[in-house]
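This is the structure alone, sequence omitted:
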Ligand code: SAM
């Protein structure tokens, strides 16, 4: 069943000459039932303004609007996509605003009214950078309620990774400290046009009202970055630059100085950040 009365995406792409460009991370989703399913994974959007980064020809945009988003703000770097997006805006009067530009340079808050959800099939080259920005605002809770994001499977696994696994690192700690993060969909390369080399997955991150354990965000970020920068080293060496008595600090946080970063649970990293802050 069609999700709207607009033309199929293959026709849209042909009509506007939207051949995919690798440099812009363009792997399009053309199955509107799939984009509607991704939109449903973002939850009930009826009262929400939704920020979408990289709408491309608008498959996910149409899914978000058909699933009832109050308004969508779509930021797209490729000007070739704008006429196709304009047709969607006309079909949903007053509900879609498109801004041409780089999502890294635009402050979405100037254009959105809370509550706000973010949903996107992110361009691979800026996906992690945007996620880290959204996870590390100056104040918490953040401006968004949830993030529903498509990543390469390997990145999605790093976000939800448990201690003791190879995928566990800075992204897992930052994401799991202040959000509930889970993989909600898996997609094979063939779901995209053109197909990428690797599989993809949708991660849904829901902002928690309070972080799971107390810690100063700046100190925690510093500790985690240092610990995982040299993830093969024992923490007493990886964190040597942190404090002259780093072994004592590690012990006070319940961490063995001979452990490696990937063995340390989120709660212990937070305890270490508190110990470091108390000493500084
Ligand atoms: N949402 C569409 C879909 O699912 O079919 C397209 C997804 S495609 C993976 C990524 C999109 O992000 C492309 O349309 C690309 O032009 C756009 N893009 C790439 N870098 C961007 C940036 N820095 N800011 C905004 N959009 C960007």
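Noted; the coordinates are in hand. Since the model is a prediction, treat every value here as computed from it, not as a measurement.

tell me the contacts of the residue nearest to residue 238 when sequence neighbours are not counted?
Leaving aside its sequence neighbours, residue 238 sits nearest to residue 230 (C-beta to C-beta, 6 or more residues apart in numbering; 4.2 Å). Every residue, glycine included, has its C-beta placed from N, CA and C. Applying C-beta atoms under 8 Å, 6 or more residues apart in numbering to residue 230 gives the contacts 237, 238, 261.

if I read this right, residue 206 contacts residue 146, doesn't it?
Yes - applying C-beta atoms under 8 Å, one finds residue 206 in contact with residue 146, separated by 4.8 Å.

higher neighbour count, the two?
Ranked by neighbour count (other C-beta atoms under 10 Å), residue 206 and residue 146 place residue 146 first, with 22 against 15.

how far away is the more buried one from residue 41?
Noted for residue 146: a distance of 10 Å to residue 41, by C-beta to C-beta, to the nearest Å.

Repeat that for residue 170.
25 Å.

List just the nearest of the contacts of residue 230 to the ligand.
residue 261 (30.3 Å; C-beta to the nearest ligand atom).

And for the closest one, nearest residue in space, chain neighbours not counted?
Residue 261 sits nearest to residue 227 (C-beta to C-beta, 6+ apart), 3.8 Å away.

Now do the buried residues in the one helix or strand the one you found maps to.
Here residue 227 is covered by helix 217-229, with elements defined by DSSP states H and E. Buried residues in helix 217-229, counted by 16 or more other C-beta atoms under 10 Å: 217, 219, 220, 221, 223, 224, 226, 227, 228.

what does stretch 128-138 give?
128, 130, 131, 134, 135.

Give the rounded mean pLDDT of stretch 224-232.
For stretch 224-232, mean pLDDT rounds to 96.

picking up where we left off before, just checking, what packs against the helix holding residue 227?
Contacts defined by 3 or more C-beta pairs under 8 Å, 6 or more residues apart in numbering; DSSP states H and E place helix 217-229 against helix 170-178, helix 235-238, helix 266-279.

most tightly surrounded among these?
Among the helices and strands packed on helix 217-229, helix 170-178 has the highest mean neighbour count (mean count of other C-beta atoms under 10 Å), at a mean of 23.

What are the contacting residues of that one?
Outside helix 170-178, the residues touching it (C-beta under 8 Å, 6+ apart) are 128, 131-132, 135-136, 140, 155, 158-162, 181, 205, 207-208, 211-213, 215, 220-221, 224-225, 228, 266, 269-270.

Return the subset of the residues you listed lying in strands.
Of the contacts of helix 170-178, the ones assigned to strands by DSSP state E are 181, 205, 207.

bridging residues for the second one?
Right, the one you point to is residue 205. For residue 205, the beta-bridge assignment (DSSP bridges) gives partners residue 147, residue 181.

hmm, back to that, pick the one among the ones in strands among the contacts of helix 170-178 closest to the ligand.
Relative to the ligand, and with distances defined as C-beta to the nearest ligand atom, the nearest of those is residue 205, at 18.1 Å.

ok, so what distance separates the closest one from residue 115?
Applying C-beta to C-beta to residue 205 and residue 115 gives a distance of 15 Å.

neighbour-wise, which of the two wins?
residue 205 (23 against 14).

who are the neighbours in contact with residue 160?
Contacts of residue 160 by C-beta under 8 Å, 6+ apart are 172, 175, 176, 181, 182, 183, 203.

got those as TSV, with pLDDT and distance to residue 92 columns?
Formatted as TSV, the contacts of residue 160 follow (pLDDT from 0 to 100; distance: C-beta to C-beta, whole Å):
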residue	pLDDT	distance to residue 92
172	98	37
175	98	32
176	98	35
181	98	30
182	98	30
183	98	30
203	98	27
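
In space, what's closest to the residue of the chain found nearest the ligand - neighbours in sequence excluded?
Residue nearest to the ligand within the chain: residue 54 (2.1 Å; C-beta to the nearest ligand atom). Of all residues not flanking residue 54 in the chain, residue 123 sits nearest, at 5.0 Å (C-beta to C-beta, 6+ apart).

which residues touch that neighbour?
Per C-beta under 8 Å, 6+ apart, neighbours of residue 123: 24, 25, 26, 53, 54, 77.

coming back round to it: my read: the residue nearest to residue 261 touches residue 259, true?
No - applying C-beta under 8 Å as the test, residue 227 and residue 259 come out as separate, 9.7 Å apart.

hang on, the earlier thing: mind putting the buried residues of stretch 128-138 in JSON lines, distance to the ligand and pLDDT included?
Rendered in JSON lines, the data for the buried residues of stretch 128-138 read as follows (distance: C-beta to the nearest ligand atom, whole Å; pLDDT from 0 to 100):
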{"residue": "128", "distance to the ligand": "12", "pLDDT": "96"}
{"residue": "130", "distance to the ligand": "8", "pLDDT": "98"}
{"residue": "131", "distance to the ligand": "13", "pLDDT": "98"}
{"residue": "134", "distance to the ligand": "14", "pLDDT": "97"}
{"residue": "135", "distance to the ligand": "18", "pLDDT": "97"}
